[in-house]
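Peer 1: mind folding the following:
(chains A and B)
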Amino acid sequence: MAKLKDLASMEDRLVPGHGMCLGCGIPLIFKIILRATEDPIIIANATGCLEVCTTIFPRTSWNMTWMHSAFENAASTIAGVEAMYKALKMKGRIPQDKKIKFLGVGGDGATYDIGLQALSGTVERGHDIVYICYDNNAYANTGGQRSSATPLGASASTSPAGTQSPGKLQRRKDLTKILVAHNIPYVAQASPGRWKDLYNKAKKAFEIEGPAFLNVLCVCPTEWKYDESQGVRLLQTALDTCVWPLYEVENGKYKINYKPKEKKPVLEWLKPQGRFRHLFKEENTWVLEKFQKQVDEDWEELNKLALY
Amino acid sequence: MRKETWKELTIGTINLDAGNSVKNLTGTWRSGKKPQFIEEHCIQCFFCWLYCPHFAILVEDGEVKGINYDYCTGCGMCSVECPTKEKAIVMVEEEAELAEGSGK
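Peer 2: As a prediction, the model looks like this:
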């Protein structure tokens, strides 16, 4: 089992000097994931916070091979690179024992919405890649527009809360289950607040042959509007309220990785965040009830699925 | 910084100088508060290293040695996550200085 001390002494593949916000959750995720394999990694990164903040021309924070992709095609780009690697190996231009890992990366905008088609195609074709979605629940890079990952009732710049609306009216899309429906070898949901779990999942994803997908919750102080020092606490609350359950699906078999001893009410998750502030007005209590009901139903369903 | 012309840029503006953002000192963003490392209280759990978004925890020879103020933006996550009873990282007031700019 990896120890933090050993991880800390490994080489940084993502170096400081990037322009991500105070208290951003993205570097916490990639600090762990990029250490989960010793092999060289090639990244195709869709447009989003991570891409924009780490590569402000003429600078780059990547100490490794990294490629920019448009919003919609990070998965296709990395699929192409992987196909090229296979072809060159067959022709003998890359030694047979040379191992390279292929990583597609996108935010929730690039994965849930714009790049879903490309991602679906890539995993269906069975490329040996890993795709990581860091889900911060909005298009945070362009000013916090709603995405299909934005939860019910959240105020976003294109679903603002006001006298006529309690924020976003629709519930969030369950992308992890969509990927499970592709019947690929490995799909998991993780959180940087549980680093061992995230590390193990990333390691498994890299080692498994064929496509693997990780959906990782990412805190965003800018769009969620909470005190930036409380990020990791908030991640833990997401697990304890079952808003973001940790589970993995290996060859169709569900396994829940974290069960809270006592399931907390979603209020604890909603309260610290400014994007949900309006829900605590009297006229919006129905949204709170609906939110809680949806979380309960999803958790129950997940528990049932894990029985098989 | 002098801007390169199109003739000097690599084809496809490929950046061959990997990891050159270390010249971008994000510590200039810090305003009002900064973390202070108290070595006697530290139990070397590395949580501060784990939860620092700007990679500003100094690790030398497998031990946490302090904070790299060149990159620390003062978000305070390291201090909140420090698990010791008497915290090994506390947030202290810092007089804000005007940033000098990123270069000539």
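Peer 1: and the host helix or strand of A:V295, what's buried?
Peer 2: Here A:V295 sits within helix A:285-305, counting by DSSP states H and E. Within helix A:285-305, the residues scored as buried using 16 or more other CB atoms under 10 Å in any protein chain shown are A:V287, A:L288, A:F291, A:Q294, A:V295, A:D298, A:W299, A:L302, A:L305. Every C-beta, even on glycine, is put in place using the N, C-alpha and C of the backbone.
Peer 1: which residues are in contact with it?
Peer 2: The set of residues external to helix A:285-305 that reach it, using CB atoms under 8 Å, 6 or more residues apart in numbering or on different chains, is A:151-153, A:166-167, A:171, A:174, A:241-243, A:245, A:247, A:254, A:256, A:263, A:265-267, A:270, A:279-280.
Peer 1: for the residue nearest the centre of chain B, list the residues it contacts.
Peer 2: The geometric centre of chain B, computed from its C-alpha atoms, lies nearest to B:Y71 (CA atoms, centre = their mean), at 2.4 Å. With CB under 8 Å, 6+ apart as the criterion, the residues that contact B:Y71 are A:P16, A:G17, B:L25, B:T26, B:G27, B:H54, B:F55, B:A56.
Peer 1: next up, the contacts around residue 27.
Peer 2: Reading this off chain A. If you count contacts by CB under 8 Å, 6+ apart, A:P27 has them with A:L14, A:H18, A:M20, B:C52, B:P53, B:H54, B:F55.
Peer 1: switch to chain B, please.
Peer 2: B:G27 makes contacts with B:A56, B:N68, B:Y69, B:D70, B:Y71, B:C72, B:T73, as judged by CB under 8 Å, 6+ apart.
Peer 1: okay, now the residue lying closest to A:A36 once chain neighbours are set aside: neighbour count?
Peer 2: Counting by CB to CB, 6 or more residues apart in numbering or on different chains, A:A202 is the residue found nearest to A:A36 once chain neighbours are left out, at 3.7 Å. Applying the criterion other CB atoms under 10 Å in any protein chain shown, we find 26 residues in the vicinity of A:A202.
Peer 1: now do the contacts for A:A202.
Peer 2: Taking CB under 8 Å, 6+ apart as the test, what A:A202 contacts is A:I32, A:I33, A:A36, A:T37, A:V130, A:I132, A:A190, A:L214.
Peer 1: take the contacts of helix A:285-305 and, keeping just the buried ones, write it as a PyMOL select command.
Peer 2: Typed into PyMOL, the line below selects the buried ones among the contacts of helix A:285-305, using 16+ other CB under 10 Å:
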select buried, chain A and resi 151+152+153+166+167+174+241+242+243+245+247+254+266+270+279
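Peer 1: in strands only, show me the contacts of helix A:285-305.
Peer 2: Among the contacts of helix A:285-305, the subset assigned to strands under DSSP state E consists of A:Y247, A:Y254, A:I256.
Peer 1: spit out the contact partners of the first one.
Peer 2: Yep, that's A:Y247 we're talking about. For A:Y247, the contact set (CB under 8 Å, 6+ apart) comprises A:A188, A:Q189, A:Y254, A:K255, A:I256, A:N257, A:L302, A:A306.
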